[in-house]
Structures are given as C-alpha cells and as structure tokens.
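Chemist: What follows is a protein structure lacking sequence information:
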C-alpha cells in the first residue's frame, strides 16, 4: 500500500474520531482569517513602510443543542502555532524583520517583541487569547504580526494556527485549524532597484546604489518623490507634526537618512491604517495606481494600463510566488488553456483602480 494511501486512511480515521468527540459534546468551532492574503513590507522598515505585519483571526463557537446558538461567555478561546506538513514551525516574527526597531518612529507606540499594533501576539507554542466582539458576535485576535517565514528561515506564506475552545474548568469543547496568509513579496525592485536598468524610474540625481537591496529600491523611491514633489514635506509639516510625524522639510530622503523612516500613510490615507493621511493629499491606493497608469512594463513593452493580465499586477503585488489570484477564479481556464479570470476582470485596468 502506498504511503499516501496509508496517510489518507489514518487522517480519515482521525477526523472521524475527532468529529465523534465533538459531536458528543455538541460544539462546533469555526475559525477564519478575514484579510485574505495580507501584504507586509518584508524585512526592512528603516526607510519607509506601506504595511506593517498585521493579520486578523476570527472564530465562532456554536453549540448544537436544539436550536444552534453562538457561545459568547463562559468559555476561553485561544490560538497557537502548529507545524506545517513538513514539520516546520513559525512561532516568532521579531527575528525575521526589523519592524520592532522602528515601530515607535512609524506608529508612535512601543511594542514588546512579537506583539502587534492591536495588542495580539505572534502565534507560538504558548496559547494566546481571542476576545469576544459583541458587535460582530465573534471571537477575534486582531493584528497578529505573523511573518511568511518559518523559524528556520524558509518561506511559508500560509502558516497555520490551531484554535481551541475550553470551558471554565479547562475542558476542551472543540478545536480547529486555519491559515493566516501573509506575503512580503510586495516590492518595487523590478523598476526602482539601482540595478534595474529601467531609466524611466531613475532619479535625475542618479541611483542611490546601496548594497542592501531591501533599502536600495526604497531610497530610490524617496529620492524620486523628492524630485517630483520637492516641497511636499514643508507644505504639510504642520499637519504631519500634529499627528506625531516629524519629517525634515528638506524631504523624505533626508528624513530617512537621519534615522526616521517614512510611513507612506502619514500623508496618503490608507483604509488599512485608519486615522492616517492628510485631507488634501490623494489616498495611497489612488496615488500609486494613477501614477503608474502610463508606466511601461519592461517585460511586455505595454503600459500597465494597457496590460490585461495578472502579470502587470504581479509586478508589485504578491505575486509570482504567493499567487494572490488563486483558487476557483485563479485556476479557471478557457478552452484554449489560457486563464479565464484576470485581476482586471473584476478590478478593471490600472486607471480604474486609480
């Protein structure tokens, strides 16, 4: 008998036994992530940041006793790390990114290692609590700062967590596993790297030519922003200072060089970061997509606005490895074998998004 067949049989028996136990107790635990594939800036937050590590976990405990009912009290729900199928663990993030070194400058708060902006911790071998949200009638752990790297440094964009529900005596009522998808594949190296040979993105004063590729493209972007908007900081300094961001009037590159990283959402509003932004500046999504409408994709020679497939979006969004467009829509094929659905099928072309 093949090993895969044996594993399948054992899993089937295990699930059947598990369901029998849960059925006797009459509880069902549902858990999910409500952000889809969350993007984060990656390893380096010392230059600028678009998105912090931040993922949400949601759960509902249901008792099947006559009329099914949500359990809202008298229980404890926790989440913890579980190993991937190849036995690798993802139990910390502080060793995989310098986010915690710069969180005070970026977000105005001090956080202990592996604690997220909303107070939740990275999944670990120590169970962490979910809290009941009476507005949505679910249990939640918001802003878990999960990283797409295992503890050994290998990549896993789909780390799993186990959610456990216990009564006040510590008896397990139900448990389940779910995924916290996360990717650091979002970057701008293809055009803004000093080694890209893409002259359309080259600042007039030249590439910064830093040896660290994670810093290099970000500094090139700040230099280009200063070139196109030389008075941006000076014009909005009062608004920025009122919200706690103190940038140098000379510009964004000078600010980063002084040791203060730039939060893009400090000027450009972001739905992912409520309360940020300056009113008379374009929101982040609008600014980025409208600015790149007429940019030529170096691979195809088409402008991004004229590109009609996901490759144009994967230039910046996760992507080629992570496969943000996946599942039933991502895998659907036309009779000739080409992809039936593209990002543009729902979102429209670049100018529409902008």
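Modeler: Yep, that arrived. Computed from a predicted structure; not experimentally measured.
Chemist: Spell out the secondary structure type for residue 175.
Modeler: strand (DSSP: H, G, I helix; E, B strand; the rest coil).
Chemist: which SSE is residue 30 in?
Modeler: strand 27-32 (DSSP states H and E).
Chemist: Go through that strand and flag the buried ones.
Modeler: Of all the residues in strand 27-32, those buried under the rule 16 or more other Cβ atoms under 10 Å are 27-29, 31. For every residue, glycine as well, the C-beta is placed using N, CA and C.
Chemist: Given that strand, what are its sheet partners and their directions?
Modeler: In the sheet, strand 27-32 lines up against strand 55-63 (antiparallel) (DSSP bridges).
Chemist: And the next helix or strand past the strand it pairs with?
Modeler: strand 69-70.
Chemist: okay, the angle between the helix or strand just after that following strand and strand 27-32?
Modeler: Proceeding N to C from strand 69-70, the next assigned helix or strand is strand 75-81, under DSSP H and E. Counting by axes from the mean of the first three to the mean of the last three Cα atoms, to 10 degrees, strand 75-81 points 50 degrees away from the direction of strand 27-32.
Chemist: Buried ones in strand 75-81, by neighbour count?
Modeler: Residues of strand 75-81 classed as buried under the neighbour-count rule (16+ other Cβ under 10 Å) are 75, 77-81.
Chemist: again, but for stretch 309-324
Modeler: Quick answer for stretch 309-324 (16+ other Cβ under 10 Å): 310, 312-319, 322-324.
Chemist: Which of the residues you listed lies at the shortest distance from residue 188?
Modeler: Residue 188 has its nearest neighbour among the buried residues of stretch 309-324 in residue 316, at 6.2 Å by Cβ to Cβ.
Chemist: Could you pull up the residues touching the closest one?
Modeler: Residue 316 is in contact with 186-188, 190, counting by Cβ atoms under 8 Å, 6 or more residues apart in numbering.
Chemist: Residue 186: neighbour count?
Modeler: The tally of other residues near residue 186 (other Cβ atoms under 10 Å) stands at 18.
Chemist: Can you tell me the element it falls in?
Modeler: Secondary structure from DSSP H and E places residue 186 outside every helix and strand.
Chemist: which ones are touching it?
Modeler: Applying Cβ under 8 Å, 6+ apart, we find residue 186 in contact with 39-42, 50-51, 316-319.
Chemist: do that again at 6 Å, thanks
Modeler: 39, 318 (Cβ atoms under 6 Å, 6 or more residues apart in numbering).
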